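Chemist: I'll drop the sequence and a predicted model, then ask my questions.
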Amino acid sequence: MSAPANQPAFLPAFAALLRRELVVEWRTRALVSGMGLFALLCVVVTGLGVRGLPTNETFHRFVLAVLWVCSLFAAIVGMNRAAQADQRRGLFAGLLLLPHDPALLFAVRLCTTLALLLLTQALMAIAAIPMLKLALLDQPLMLAVVPMADIGILAPGVLLSSATGRLRGGEALLTIARLPVAVPVFLGATGATDALQGGQGLAAAQPHLLLLGVCDAMFLALGVLLFGKLSEA
Amino acid sequence: MADPAQSRLPFAVVALALLGLVGAQATLWLSHFYAPTQITEGSLWVVTPDRGAPINLYESYRIFFVHLPAAYATAICCGLALVGGVLWLLSRKPAWEALVVSAAEVGLFTGAIVLATGTLWGDYAWGSGRLGSGWNWEPRLTTMLILWLAFAALLVVRRAMDSAAQRSALTAVYGVLIGPLYPLVSWAVKLFGQFSHPADLSGMMSAPEVRTVRNVAQLGVLAALLALVALRFAWNRLAQRVEQERST
């Protein structure tokens, strides 16, 4: 299908929609407050659960894996709320009428939730460093691992939320549908974190980074290709 | 239009089902009375998780005759879900949706067999010859569990969709998302360390008698798999037609 002659360019449209999403979030703070509070609660509850344990290597590995689980569920909280808010107000149907490929909406939604998840993780790290006695800032490579894992965690969720957001009990369904698919990303994230934080270096983290890269590329491609088909059904 | 309820199963499906049954019986008999207990010295030893002394598998290796073909069958189901999903997205023909659902249903069944036999054998072999050590988080078995959960998630989520169009689209998209999970199962041993799962079971089962039984088992399971997918496919197509008739 050829694009309409008066179709605005992709990048200005992307920037305008992204700005709209971030402005709405800035005004309501609905997502970041939900995700942030959830993440902080997870840190506190984890700290309570592991209090008194010796802070050895096993402790650090366990706590880091728990923090990834918290990120996974914080992302679910954010995606569910974002999808349902748009569906409730009828905004999503309106956005689909834009003279653009629906992949634009996928990209905007992904970038918004990615920004919010990174913010949430920063809050989580600020809380976890003193409370759980973690040395998260020692490994600069973690700055690459975290966004890579976040993209892999979010992309299938954003894709599936376009269908489950319209359903009663959609939150539970989205969680059920995306968790098995996101597990390879979770395995890559925890493996890379384990290797880097355990001081084993880049060589040990490489297979996990490769897994993250493959998952990111695959989920991004599938999201761009399939978001429209799933949303318009 | 002919009444779908009156349609009969094609001869090929019946033949495949019978072949599967015969294959299962033959595998049972051959694995107990033809495959030897002790293969070539050392060919069926396994390293325990703590890298301790290897234990001899004795009779326990016979479970591979079920475990291995069931794992291949699950891989085929994963591939069928991917192919069905892609073809539905390209053509929007309901038959491809039915193929994804059928593959997921049969994959759920064969995956359960892999998980049950793998857990049982792993419990014995990696528990140093004792039963009762429980789930051991072996990477390949764990990734297989994830794949099994993905099959289950597809069936649960699609059941919750009210609109047929949405249901079809979600089924196809999820079929495409499930497809790449099987390479993870294969890759798990390399990625997460061998732990104790043999990297290649077929290498361990290279003795001539064992190879014969393995081939019979694989043939039987393949026939049973095709028959099951065809049966579920026919059932799902029938359900689609009934839904279509009701809505018109």
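Modeler: Ah, there it is.
Chemist: now the helices for chain A?
Modeler: Taking DSSP state H as the criterion, chain A contains helices spanning A:10-28, A:30-50, A:57-88, A:91-96, A:103-131, A:142-164, A:170-197, A:201-232.
Chemist: If I take the last one and helix A:103-131, what angle do their directions form?
Modeler: Read that as helix A:201-232. Going by axes from the mean of the first three to the mean of the last three CA atoms, to 10 degrees, helix A:201-232 is angled at 140 degrees with respect to helix A:103-131.
Chemist: interface residues of chain B facing chain A?
Modeler: Contact residues (CB under 8 Å from any CB of the partner chain) of chain B with chain A: B:89, B:143, B:146-147, B:149-150, B:153-154, B:156-157, B:160-163, B:165-166, B:168-170, B:172-174, B:176-178, B:180-181, B:184, B:190-192. All C-beta atoms are positioned from the backbone trio N, CA, C, and that covers glycine.
Chemist: buried subset of the residues you listed?
Modeler: B:89, B:143, B:146-147, B:149-150, B:153-154, B:157, B:160-161, B:166, B:168-170, B:172-174, B:176-178, B:180-181, B:184, B:191-192 (16 or more other CB atoms under 10 Å in any protein chain shown).
Chemist: any idea of the mean pLDDT for stretch B:124-139?
Modeler: For stretch B:124-139, mean pLDDT is 69.
Chemist: the bottom helix or strand of the chain by mean pLDDT?
Modeler: In the absence of a named chain, chain A is used. Across the helices and strands of chain A, the lowest-confidence element by mean pLDDT, DSSP states H and E is helix A:91-96, at a mean of 73.
Chemist: switch to chain B, that's the one I care about
Modeler: In chain B, no helix or strand scores lower on mean pLDDT, DSSP H and E than strand B:45-46, which sits at a mean of 58.
Chemist: Convert the C-alpha atoms of stretch B:170-184 to PDB, please.
Modeler: Extracted in PDB, the C-alpha atoms of stretch B:170-184 (Å, rounded to 0.1, in the frame of the first residue of the first chain):
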ATOM      1  CA  LEU B 170      -3.100 -13.200  18.900                       C
ATOM      2  CA  THR B 171      -2.800 -16.900  18.200                       C
ATOM      3  CA  ALA B 172      -0.700 -16.300  15.100                       C
ATOM      4  CA  VAL B 173       1.500 -13.700  16.700                       C
ATOM      5  CA  TYR B 174       2.000 -15.900  19.800                       C
ATOM      6  CA  GLY B 175       2.800 -18.800  17.500                       C
ATOM      7  CA  VAL B 176       5.600 -16.700  15.900                       C
ATOM      8  CA  LEU B 177       6.900 -15.700  19.400                       C
ATOM      9  CA  ILE B 178       6.900 -19.300  20.600                       C
ATOM     10  CA  GLY B 179       8.900 -20.500  17.600                       C
ATOM     11  CA  PRO B 180      12.300 -19.200  18.600                       C
ATOM     12  CA  LEU B 181      12.000 -20.700  22.100                       C
ATOM     13  CA  TYR B 182      13.100 -24.200  21.000                       C
ATOM     14  CA  PRO B 183      16.600 -23.000  19.900                       C
ATOM     15  CA  LEU B 184      17.000 -21.800  23.400                       C
END
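Chemist: for residue B:67, what are its contacts?
Modeler: By CB atoms under 8 Å, 6 or more residues apart in numbering or on different chains, the residues touching residue B:67 are B:113, B:114, B:117, B:118, B:121.
Chemist: Of the residues you listed, select the buried ones using a ChimeraX command.
Modeler: A single ChimeraX command suffices to select whichever of the contacts of residue B:67 are buried according to 16+ other CB under 10 Å:
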select /B:113,114,117,118,121
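Chemist: Next, see if stretch A:173-191 gets close to chain B.
Modeler: Yes: applying CB under 8 Å from any CB, one finds stretch A:173-191 in contact with chain B at A:173, A:176, A:177, A:179, A:180, A:181, A:183, A:184, A:187, A:191.
Chemist: Could you check how far the third one is from residue A:75?
Modeler: To residue A:75, residue A:177 is 14 Å away according to CB to CB, to the nearest Å.
Chemist: more neighbours, those two?
Modeler: Applying other CB atoms under 10 Å in any protein chain shown to residue A:177 and residue A:75 shows that residue A:177 carries more neighbours, namely 29 against 25.
Chemist: ok, that one to residue B:183 distance?
Modeler: 20 Å.
Chemist: Give me the mean pLDDT for stretch A:108-119.
Modeler: For stretch A:108-119, mean pLDDT is 90.
Chemist: Just give me how far the longest helix seen in chain B sits from the chain centre.
Modeler: Using DSSP H to define each element, chain B has its longest helix at helix B:208-247. Centre-to-centre, helix B:208-247 and its host chain are 11 Å apart (CA atoms, centre = their mean, to the nearest Å).
Chemist: which strands and helices sit next to it?
Modeler: Using 3 or more CB pairs under 8 Å, 6 or more residues apart in numbering or on different chains; DSSP states H and E, the elements in contact with helix B:208-247 are helix B:11-33, helix B:64-91, helix B:94-125.
Chemist: Show the contacting residues for the closest residue in space to residue B:234 that isn't next to it in sequence.
Modeler: Once flanking residues are discounted, residue B:234 sits nearest to residue B:9: 6.6 Å by CB to CB, 6 or more residues apart in numbering or on different chains. Counting by CB under 8 Å, 6+ apart, residue B:9 touches B:230, B:231, B:234.
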